[in-house]
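Visitor: turn this into a structure:
(chains A and B)
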Amino acid sequence: MPLVLRLPMQEKQMIASLLSIILFAPFVGAAVLFLISNDHPNKIKAVTLLSGGISLLGSVLLLYLFDHQTGGFQFIERYRWSDELGISFYIGVDGIGAPMVLASSLLMFAGIFVSWHIVDRLREFYINLLVLGSATMGVYMSLDLFFLFFFYELSVIPMYLFIAMWGRHTKGYLDMQGNPERDSVGFVFNFNQSSKEYAAMKLTLYISAGAVAALLGILLVYVHSGLHTFDLLAIAQRGTLSSGMKEICFLLIFLGFAPIAAIWPFHSWSPVGYAAAPAAASMMHAGVLKKLGHFSMIRIAFTLFPEATAKWMPVVAVVCVVNILYGGLVAFLQKDIKFVVGYSSVAHMGYIFLGMASLNLMSLTGAVFFLFADAMAMGLLFALAGHLYRETKTLDIPSLGGLAKKMPFVATMFVIGSAASFGLPGGMNFIAEIMVFLGSLNRYPIQTVLAAMAITITWAYYFRMIRTIFFGEDNPKLSMASDAKSFVQRFPLVLLAAMILFFGLFPSPFIQIIQSGVMPIVERTISEVPDDGTIAKLGEVK
Amino acid sequence: MNMQTTLGEIFAVHQIGFPILSLIVFLPALTAIVIVFLKDETEMKVFAVSSTAISFLLSALLPLFFFGNTADMQFVEQVNWIPAIGASYHLGIDGISLLLVILTSFLSVLVVLFSWNGIHTMKQYLICILTLTTTLLGVFVAINLFLFFLFWEIMLIPMYFLIKVWGGDQRDYASLKFVLYTLLGSVLMLIGFVMLALNYQDFATVNALPKTLSFDLLDLLEAPIPPDTQMTIFLLLFFGFAFKVPMFPFHTWLPDAHVQAPTAGSVLLAGVLLKMGTYGFIRFSLPLLPNASQVAAPFMLGLAVVGIVYGALLALAQDDMKKLIAYSSISHLGFVVLGIFTLTETGVTGAIIQMFNHGISTAGLFFVVGFLYNRRHTKEIAAFGGLSKQMPVLAGFYLLISLSSLAFPGTNGFVGELLILFSVVEEGRTLYYLIPAIAGVLLGASYLFWLYQRVMLGEITHEENRSLSDINRWEMSICAGLAVFILWVGFYPLPFIKTTEGSVEYVLSRTTMSPSEEDDDLASSPPATHAGETDDR
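Guide: Residues are numbered from 1 along each chain as shown, chains lettered A, B, ... in the order given. Below you'll find the model as predicted:
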């Protein structure tokens, strides 16, 4: 096995503990918030902004300083935590983690502005947001399986609280299903299916059930690797798992992270979760929380078990088409803005899985780029949904209409966000999609063609939504609705839209960074898989 | 002998000294950004009209510096953009695109002039028109397929809004139908492009070329494509282009879109947008997929003549002026496809000329409908009649435009249609197609004359029509601009035809090579050598 997971060059890192600063600034901010009472909203906002801002600046710097020519893991920090158990606090980013850290801190920062108006338990809200943001960043940085899992679990708790405390009761889900009864989750906990408690509980149960499987997989790896360490890189290089055990571990870990990645048929929690959550939480959820699933699969399963990955990916390539088609068609039937966007996000996960399944440099780079691109587009759309909900008190598409005149700025941003999401050239998603197609066409021609044709469905429901909300007939009840006027309202929207357009038009630096992270994983998979020609050729692209 | 020469590139810096194509393409879009910040409506309109006019004047410079006898890409600009997926910012024009660039920038000036008054929310309207212009121009100058697709898709957004916001009663339905139909075609086309890029990748890997992945037309032309793959790609691209043209049976979105679109939208839609499809056939399908083009030619010719006759018959049956012109477009574009797939020099030249002509004449017809609609707010044919008494100037121009559209000798339409019909005769195998084509010409004359008669001639049947005013100076300037081109091409088409020579010859040099000959070529030339370099031996 070639030693492909290159170790870092410590001397290049100019700022000693940049990752720790990025990771812990929000935690410290959350701790400080506990000391401020809810009577001083301005102080609360100042502290939150400061800690979120430090984190954002840090992650921008991180990406800027990241050396894509060296590749490998950089900005490594390692502190011993428990030698007996082989656990250390071990963080570092490669070309896959670094962009996602930026995505998390960006969405967190934007989320702070989006939640500016909140009055009810503001302090607690911001504490949740900061914890959620840094927990996701923790996953993207961890090189120790124990801490990766720790941060992963930590991210679920704020999400639960967000929905249960600041959420809204949903509608539309029921109408669509034509079924007023309760499903199993609703039945057991005696929740109405349109209540926010139901959404919160469903989300937690799905993710936790997956987490149990993933944890089992991680523990099996720990026991059978013969190294007594949770150090991911050490296991990857020196681990001695039997091939049968590798396959079991792969399946456990893949299935464990499948629910949060919303792969069909484990997706049903996610649109309900978005719909019930407050805007900032939906943004984080769709933008970065969901991507923890894909990321963990790549980081753990792909890195540790290349043969099993290559063996099982053709199955994923079939399932992902179901994601794309089913998610798209269901989105078409929805009447609630957040459900439409939510199911479109489910459909988009299919494209990411298609990219992952093809296992070559081009498609996997495309998939990782997609993770970032989708985070920006979803962040923008959910921020806008939040604004619309606040102004009109409803997200029911048929009862909205003619808003383009009342809120031209929001309408423009909504078109940009939708365009990015349905893959209009010029936005980031398009670059990602075409990379996935380029990489997958030879390997999975049928799936790729179906996936490409499904873009039409995506256009259809986004256009229909835009048309009704912004150009439909005026609803007199909405006469009070006003545009995003203040700086606080406009800033997060402009920030995300600017990211979409800038990296959509100039994706090259970004792609180089991602490729440096994807390359070793692809090389490893190829070196251990019988060559089928296609992969080898694509591997040469440098 | 090796016919399959590679295209050279003549860079803009050498040819004219500054990046003229970028200026032409992006000037309207930049103006759109400026307009966002303007408050005064007149200022906006002045900005819009001057930017499109400058863009047109610049494009009028192109033929002065253009070399007509070569197939090389000219005024080329190239910047690396996203090397990882082989996308570069690569612009250039040749004989296929030159006329279309001029046509687009010309029509955009007229469209802005036409919209001088009576548009609600002028700012957004102008922004839509200007961005649409940029994307349309971009489609014709992009040599990189990725960039081409970018413009091709973005074009849908301003067009959607033009129909959606400023359209007629059923604009919701029409705008969405337009977007989804063309989109369905273009995602298939995208897969075709991806297959082309992957094919180049194989070729580059085998020959150890420095660039491994490229969407660049000039690179793709060097990589031979196996006949089976050619067929698949041809089919995929066919959907993209056929929806746009639109060819029978993919045409149903067109009448809806036209009827609902505002005049400016219809003009750009019929004048320029439809040409993107036929342009795609000449630019991509023929040179990149020569074998498949030959195999598919009979089917394409068949669809073309069905479109000609079918479109013309439906045009006869319409009560709405715009719908009539929309169906006539289907018929006329059938002629263009017919010319392309005779695969003769006369035919392809005729098709290029006819694309330009149809742009001028159909735009003219839609402008006329727009003038009448602004005065009467209806497009029903029955609401008019005997207008020539009230509007003699319009009647004159309208007659000229109609004549051009029905290919009357001395107008531009005649030149194009004659070339195409001539090519059908010339190529013996396609002689059968002459009969329906001739029928199409006759039907064309009937529906256009009949329309003219019902609208302009006879007695005034509606009292409202007695008080109509003739076209004003603005409107007259639009008609005059169109008339110049109609008569110029009609009486002295040689300069126009000359520009296309080199490119047409090149495109056909690729298609006329038989498959076996091509295989021999490949086998005999050492892999590392480019096809172009073997000429010297």
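Visitor: can you give me the strands for chain A?
Guide: A:74-82, A:87-93 (DSSP state E).
Visitor: point out the most buried one among the ones you listed.
Guide: Compared across those, strand A:87-93 shows the largest average neighbour count, a mean of 23 (mean count of other Cβ atoms under 10 Å in any protein chain shown). For every residue, glycine as well, the C-beta is placed using N, CA and C.
Visitor: counting by contacts, list what that one packs against.
Guide: For strand A:87-93, the elements it packs on are helix A:18-33, strand A:74-82, helix A:122-141, helix A:145-166, judged by 3 or more Cβ pairs under 8 Å, 6 or more residues apart in numbering or on different chains; DSSP states H and E.
Visitor: these two touch, right, residue A:496 and residue A:376?
Guide: Yes: the pair residue A:496 and residue A:376 passes the contact test of Cβ atoms under 8 Å, sitting 5.5 Å apart.
Visitor: now do the shared contacts for these two.
Guide: The contact sets of residue A:496 and residue A:376 overlap at residue A:106 (Cβ atoms under 8 Å, 6 or more residues apart in numbering or on different chains).
Visitor: can you pull out the low-pLDDT segments for the stretch 101-250 of chain A?
Guide: A:170-194 (pLDDT under 70).
Visitor: one more time with 50, if that's ok
Guide: A:172-178 (pLDDT under 50).
Visitor: skip the chain neighbours and tell me the closest residue to the residue in it that chain B sits nearest to.
Guide: Chain B sits closest to residue A:102 of the stretch 101-250 of chain A, with a gap of 18.9 Å, by Cβ to the nearest Cβ. Once flanking residues are discounted, residue A:102 sits nearest to residue A:59: 4.4 Å by Cβ to Cβ, 6 or more residues apart in numbering or on different chains.
Visitor: tell me the contacts of that neighbour?
Guide: A:22, A:98, A:101, A:102, A:104, A:105, A:106, A:137.
Visitor: from these, keep the buried residues only.
Guide: A:22, A:98, A:101, A:102, A:104, A:105, A:106, A:137 (16 or more other Cβ atoms under 10 Å in any protein chain shown).
Visitor: just name the most buried of the helices and strands packed on strand A:87-93.
Guide: helix A:122-141 (a mean of 27).
Visitor: out of the contacts of residue A:59, which is nearest to residue A:388?
Guide: residue A:106 (21.5 Å; Cβ to Cβ).
Visitor: returning to what we had before: between the helices and strands packed on strand A:87-93, which one is nearest to residue B:33?
Guide: Taking the helices and strands packed on strand A:87-93 one by one with Cβ to Cβ, helix A:122-141 is closest: 34.0 Å.
Visitor: tell me which other helices or strands that closest one touches.
Guide: Using 3+ Cβ pairs under 8 Å, 6+ apart, helix A:122-141 is in contact with helix A:18-33, helix A:41-65, strand A:87-93, helix A:97-114, helix A:145-166, helix A:279-284, helix A:291-296.
Visitor: let me know the pLDDT of the residue nearest to residue B:180 when sequence neighbours are not counted.
Guide: Closest residue in space to residue B:180, ignoring its immediate chain neighbours: residue A:460 at 5.6 Å, by Cβ to Cβ, 6+ apart. Looking at residue A:460, its pLDDT is 88.
Visitor: measure residue A:460 to residue A:350 for me?
Guide: As for residue A:460, its distance to residue A:350 is 17 Å (criterion: Cβ to Cβ, to the nearest Å).
Visitor: so for these two, which sits in the more crowded spot?
Guide: Just comparing residue A:460 and residue A:350: by other Cβ atoms under 10 Å in any protein chain shown the higher neighbour count belongs to residue A:350, 28 against 19.
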